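Participant: my questions concern the predicted model and sequence given below.
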Protein chains: 2
Amino acid sequence: MTNGPTRDQVVVGVDFGTLSGRAVVVRVEDGAELGSAVHEYAHGVIEDALPGTGQRLPHDWALQVPSDYIDVLKDAVPKAVAASGVSADDVVGIGTDFTACTVLPTLADGTPLCGLPEWRDRPHAYVKLWKHHAAQPQADRVNALAHERGEPWIARYGGRLSSEWELAKGLQLLEEDPEVYAATERWVEAADWIIWQLCGTYVRNVCTAGYKAVYQDGRYPSREFLVALDERFTGFFEEKVAQPLGELGTAAGGLTEQAARWTGLPPGIAVAVGNVDAHVTLPAARSIDPGEMLMVMGTSTCHVMNGDTLAEVPGMCGVVRDGITPGLWGYEAGQSGVGDIFAWWVRTGVPPEYAERAAAEGLGLHDYLTALAARQEVGEHGLVALDWHSGNRSVLVDHELSGLVVGLTLTTRPEDVYRALLESTAFGTRKIVESFEASGVPVRELVAAGGLVKNAFLMQMYADVTRRPLSLLESAQGPALGSAIHAAVAAGAYPDIAAAAARMGRKRPAAYLPDERRAAAYDPLYAEYATLHDYFGAGGNDVMHRLRQIRREAVRRDEG
Amino acid sequence: MTNGPTRDQVVVGVDFGTLSGRAVVVRVEDGAELGSAVHEYAHGVIEDALPGTGQRLPHDWALQVPSDYIDVLKDAVPKAVAASGVSADDVVGIGTDFTACTVLPTLADGTPLCGLPEWRDRPHAYVKLWKHHAAQPQADRVNALAHERGEPWIARYGGRLSSEWELAKGLQLLEEDPEVYAATERWVEAADWIIWQLCGTYVRNVCTAGYKAVYQDGRYPSREFLVALDERFTGFFEEKVAQPLGELGTAAGGLTEQAARWTGLPPGIAVAVGNVDAHVTLPAARSIDPGEMLMVMGTSTCHVMNGDTLAEVPGMCGVVRDGITPGLWGYEAGQSGVGDIFAWWVRTGVPPEYAERAAAEGLGLHDYLTALAARQEVGEHGLVALDWHSGNRSVLVDHELSGLVVGLTLTTRPEDVYRALLESTAFGTRKIVESFEASGVPVRELVAAGGLVKNAFLMQMYADVTRRPLSLLESAQGPALGSAIHAAVAAGAYPDIAAAAARMGRKRPAAYLPDERRAAAYDPLYAEYATLHDYFGAGGNDVMHRLRQIRREAVRRDEG
């Protein structure tokens, strides 16, 4: 049922991040952001010791407490409404997005196990945050077995499932704490759990079902596959994961009386099906047409884009039918390190006199180095870098790779390395774009969102290096805006996401256009990057893997 | 005539460096250093503008003024004698060493052209210091022609003559200022010119004749070779370069009355044949036996060693019969960048909090980073670097190479990169050692001298990486001590350099012994270095050359 927006209607979008949740009140008619509020999670990210018992957690663990998410609903939502100046009665829907894969074990009614006295001392009873990386051994076995058995779905994930996803985390749960595994009646994405709390109905969103739970062509991986991993794992998907699916932009249900009390919103209003932070941002950037590639650029970059057809692009994170927008194939790729590589250099390679000069000019170190780097001609620093300090997600899917800088001389300055690192991430994006195009998936335009968009020099560089127009999402609250757009569609204010995005999305089209002179100057540097990429990343010289192994052995000797 | 040293006899050694000259008074009997003094050159290194006229010099020029060298004799020698507390009458000889190839045009009587009114405004009339690098185009043509004609001598220089040497600098003189070339009656190594000034006789030392003037097997390159370069160049060696040779450790003559007045030393005392700073240091380190490789370690490293036999080792700087010690083949190799690479990192990659902590501990940045690096196990940083920030002298003989660091992660710290750079120079020395041994020239022991020997961690690393005992020259004035040893032999106090070195040299044998556990841990890192060395340096991927070219073109665009 679509009524079309009225002048007073608003929706609430809630973005559940890693450390906090943000609620934004958005006008349905034109997407105006009227008010927002942030609530920090009381428990943050639990990486060292379990709350209560103080039990030490192993390396690479990252847990959360689900009641923190409820507190966002209780605190940030009413504050955002108050800040917006609108009446809560004008709110017609609520939508949310979440980090993913963030997953928790619950009873059949959605009660988190970690909230029950009998399980609260067990680490495996808690939410496993997306960046819980302790299931890598399980992921390695999953991937080896998938290739061994020739499972058809593995190609949809660039040939490798992540240790972050539901399957590896679930297998870790089974193997490390079978009792908690047995007590786990549902293994729930937090993106869906929060919707369950809002409307009382458990609906799996197609986005995380596809990207994080390997749901492809109407089914999850087979019982035979699960048995081959561990015979106790047979019923994992059927018993704990499978659930009626909900299409993005539809309503999972109406706001319950309890959730209405938490949020101060009217009971019964539409609660949109859950979603993921990067994916929900595409309509906020008014970029749901095939070929418009959104880059959410922060410490890392997530690339999401719709395509008309299915293609198995080497090294992408996943391709899922209806996974971003109903009716289209949703593609996801990523670069493991972007902003955090720049930050690494700033904390490592910037001498005191630079810090002093930046302070004297009132600039942060990033801005200062960018200003110095921007004065150079393309290629003037004589450097090429590989952007693999955090490994490489796309297109090599190899987290044991590492960074490289070549071309250093005695006259190489901090800003030279900084610029080479900026360029390396632009080259990494060009690799991804070329990989898509080589697989028959066109990329016509880049759309940038996230913290790095304020660096105009970097944005222009991405346009030049990729020879693509680069548009900007004109909102600092892209995910929450995207969630609000989904809420508006779920509330029936628009017939579909495209229509809502056209009115509510905020895009500055072609904010940066490629400069052919610079583009041509970047080409030979990119050619060097591509050669080094294949040599170090695709079997020419496995030195980076061996150095990781040498390092691990050295650390063991050091501790021994 | 050998009398044997008496209790009171002393000699004076004078080391002519790049910026100053140092005189040391040394007891003949036991090599005790009794006093020293330094005199800074009034004109220093002339790189920007000619004195007097202020005429701008092109890029890569480096000139000196010969009267500055005379001032060292007038100032530093008497001061050193005064500081020693001995009577000048006890001085029985004087020896010198010089940077090389440092070369000047003179009249037939040794008068420098730059001292004559008609030539003093011509840059080509001045001393060309060793680091005058503007004759590279001439050197390139010399090398190409030598290979084209199959000249037998080219293999004695690792396949390439340097732009620093007499031939390239002489050809530059001819081509750029034929009038000064025509007026040049003698083209004289400063090492020999200073001896000429001391004793009134022009004797070419066999060291620079061989290493810098291509004198091999009793002859210079042929007239035919010179004609093929430029027909006006035909008589270069015969007319301007050739001169009776003097063996090292013999007397070129006796001190003239005039030089006696300059120095305050007795007229008639022995003046030793000229020598070169690195080469003269070998006896000071009591390391003239074949297989004892002296490393003079400063901003760069010069490796000198005697061998019993002739071998044409790939990538060495030169092999010269009697070139270091009469009766032996003198080998020279080098690393273009060592201490200056560490200094580059200290001025580039060390953040303010490191500077503060170092200051709080009262340590210099090098010492602070070394202390942090020394706490690690071998391989713990996970890095491998190539030490080519100044190019590679031995064994690749390629100054267009550049530095590389691989294995970088977000947790890589400044001390990690610092240690990887230290290691890269040790790996570079191991490459040189292996190249000698593969050519049948054994290297039994390393002997370190120069500014870097005070870094005990670095010294131990060189012993571990090369699996060689590492000895130390125990004098901060190694070259001057070596010159003094040659003076003692020239004065007849010892029968030969070996006998003098045994009494006067200062060596701490095997100060560092290789630790097999660490040596074994370095092996896999060295294997990675060697693979990268060949890939980037020997044709696998010419990216470093292309980056230099890209850089040059970018700078031109920037200036255009």
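Facilitator: Arrived safely, thanks for sending. Numbers count the residues shown, from 1 in each chain, chains lettered A, B, ... in the order given.
Participant: for A:Gly17, list the residues it contacts.
Facilitator: A:99, A:277 (Cβ atoms under 8 Å, 6 or more residues apart in numbering or on different chains). The C-beta positions use only the backbone N, C-alpha and C, and glycine is treated the same way.
Participant: if we use 10 Å, what do you get?
Facilitator: A:38, A:40-41, A:72, A:97-99, A:277, A:479-480 (Cβ atoms under 10 Å, 6 or more residues apart in numbering or on different chains).
Participant: I'd say A:Gly330 and A:Arg321 touch.
Facilitator: Yes. With contacts counted by Cβ atoms under 10 Å, A:Gly330 reaches A:Arg321, the gap being 7.6 Å.
Participant: which neighbours do those two share?
Facilitator: Contacts common to A:Gly330 and A:Arg321, judged by Cβ under 10 Å, 6+ apart, are A:206, A:210.
Participant: so between those two, which is more surrounded?
Facilitator: A:Gly330 (25 against 17; other Cβ atoms under 10 Å in any protein chain shown).
Participant: next one: phi and psi at the more buried one?
Facilitator: With angles defined as degrees, to the nearest 10, A:Gly330 sits at phi -100, psi 120.
Participant: partner residues bridging it?
Facilitator: On the basis of DSSP bridges, A:Gly330 is bridged to A:Asn306, A:Val320.
Participant: and the residue of the stretch 201-350 of chain A nearest chain B?
Facilitator: Closest contact between the stretch 201-350 of chain A and chain B, by Cβ to the nearest Cβ, is at A:Gly349 (4.5 Å).
Participant: what about that residue, how many residues nearby?
Facilitator: 24.
Participant: tell me who's in contact with it.
Facilitator: A:369, A:405, A:413-418, A:421, B:345, B:348-351, B:414, B:417.
Participant: which residues in the stretch 401-550 of chain A form strands?
Facilitator: For the stretch 401-550 of chain A, the strands defined by DSSP state E, counting those that start in this stretch cover A:403-408, A:445-449, A:470-473, A:507-512.
Participant: any chance of the ones you listed in CSV, with mean pLDDT too?
Facilitator: Compiled in CSV, the strands of the stretch 401-550 of chain A are given as follows (pLDDT from 0 to 100):
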stretch, mean pLDDT
strand A:403-408, 98
strand A:445-449, 98
strand A:470-473, 98
strand A:507-512, 97
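Participant: quick one: which of those strands is nearest chain B?
Facilitator: Closest among the strands of the stretch 401-550 of chain A, once you apply Cβ to the nearest Cβ, is strand A:403-408, at 3.3 Å.
Participant: now could you export just the CA positions of stretch A:164-177 as CSV?
Facilitator: C-alpha atoms of stretch A:164-177 as CSV (Å, rounded to 0.1, in the frame of the first residue of the first chain):
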residue,chain,number,x,y,z
GLU,A,164,33.8,-13.4,10.2
TRP,A,165,30.7,-15.1,8.8
GLU,A,166,28.0,-17.2,10.4
LEU,A,167,29.3,-20.6,9.3
ALA,A,168,32.9,-20.3,10.7
LYS,A,169,31.7,-18.6,13.8
GLY,A,170,29.0,-21.3,14.3
LEU,A,171,31.5,-24.1,13.8
GLN,A,172,33.8,-22.5,16.4
LEU,A,173,30.9,-22.4,18.8
LEU,A,174,30.2,-26.1,18.3
GLU,A,175,33.8,-27.2,18.6
GLU,A,176,34.8,-25.0,21.5
ASP,A,177,31.6,-25.1,23.6
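Participant: in the contacts of A:Gly349, which has the lowest confidence score?
Facilitator: Ranked by pLDDT, the contacts of A:Gly349 bottom out at B:Gly349, which scores 86.
Participant: got phi/psi on that residue?
Facilitator: Backbone torsions for B:Gly349, taken as degrees, to the nearest 10, come to phi -120, psi 30.
Participant: residue contacts, A:Ala359?
Facilitator: Here A:Ala359 is in contact with A:365, A:368 (Cβ under 10 Å, 6+ apart).
Participant: element containing it, please.
Facilitator: In this structure, A:Ala359 sits in helix A:352-360 according to DSSP states H and E.
Participant: what's the angle from that helix to helix B:352-360?
Facilitator: Relative orientation of helix A:352-360 and helix B:352-360, computed by axes from the mean of the first three to the mean of the last three Cα atoms, to 10 degrees: 120 degrees.
Participant: what comes up buried for helix A:352-360?
Facilitator: A:354-355, A:358 (16 or more other Cβ atoms under 10 Å in any protein chain shown).
Participant: picking up where we left off before, ok, and of the contacts of A:Gly17, which contact chain B?
Facilitator: Among the contacts of A:Gly17, not one lies near chain B by Cβ under 10 Å from any Cβ of the partner chain.
Participant: restricted to strands, list those residues.
Facilitator: A:38, A:40, A:97-98 (DSSP state E).
Participant: determine which two of those are furthest apart.
Facilitator: A:Glu40 and A:Asp97 (17.7 Å; Cβ to Cβ).
Participant: settle it for me: which of the two has more neighbours?
Facilitator: A:Asp97 (30 against 15).
Participant: how about chain A, which residue sits the furthest from its center?
Facilitator: A:Leu410 (39.5 Å; Cα atoms, centre = their mean).
Participant: any idea how far it is from A:Asp515?
Facilitator: 32 Å (Cβ to Cβ, to the nearest Å).
Participant: same thing with A:Ala76?
Facilitator: Applying Cβ to Cβ to A:Ala76 and A:Asp515 gives a distance of 42 Å.
Participant: now do the SS call for the closest residue to chain B within the stretch 101-250 of chain A.
Facilitator: The stretch 101-250 of chain A approaches chain B most closely through A:Lys131 (13.4 Å), counting by Cβ to the nearest Cβ. Under DSSP: H, G, I helix; E, B strand; the rest coil, A:Lys131 falls in the coil class.
Participant: could you check how far it is from A:Thr18?
Facilitator: Distance from A:Lys131 to A:Thr18, by Cβ to Cβ: 7 Å.
Participant: what's the overlap in contacts for the two?
Facilitator: With Cβ under 10 Å, 6+ apart as the test, A:Lys131 and A:Thr18 both reach A:45, A:62, A:99, A:102.
Participant: out of those, which end up buried?
Facilitator: Judged by 16+ other Cβ under 10 Å, buried ones among the shared contacts of A:Lys131 and A:Thr18: A:62, A:99, A:102.
Participant: circling back to that earlier point, of the buried residues of helix A:352-360, list those near chain B.
Facilitator: Counting by Cβ under 10 Å from any Cβ, the members of the buried residues of helix A:352-360 near chain B are A:354-355.
Participant: closest to chain B out of the buried residues of helix A:352-360?
Facilitator: A:Ala355 (4.9 Å).
Participant: go through the shared contacts of A:Lys131 and A:Thr18 and flag which are in strands.
Facilitator: Going by DSSP E, the strands hold none of those.
Participant: let's have these in TSV, adding pLDDT.
Facilitator: Below are the shared contacts of A:Lys131 and A:Thr18 laid out as TSV (pLDDT from 0 to 100):
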residue	pLDDT
A:Val45	95
A:Ala62	95
A:Thr99	96
A:Thr102	97
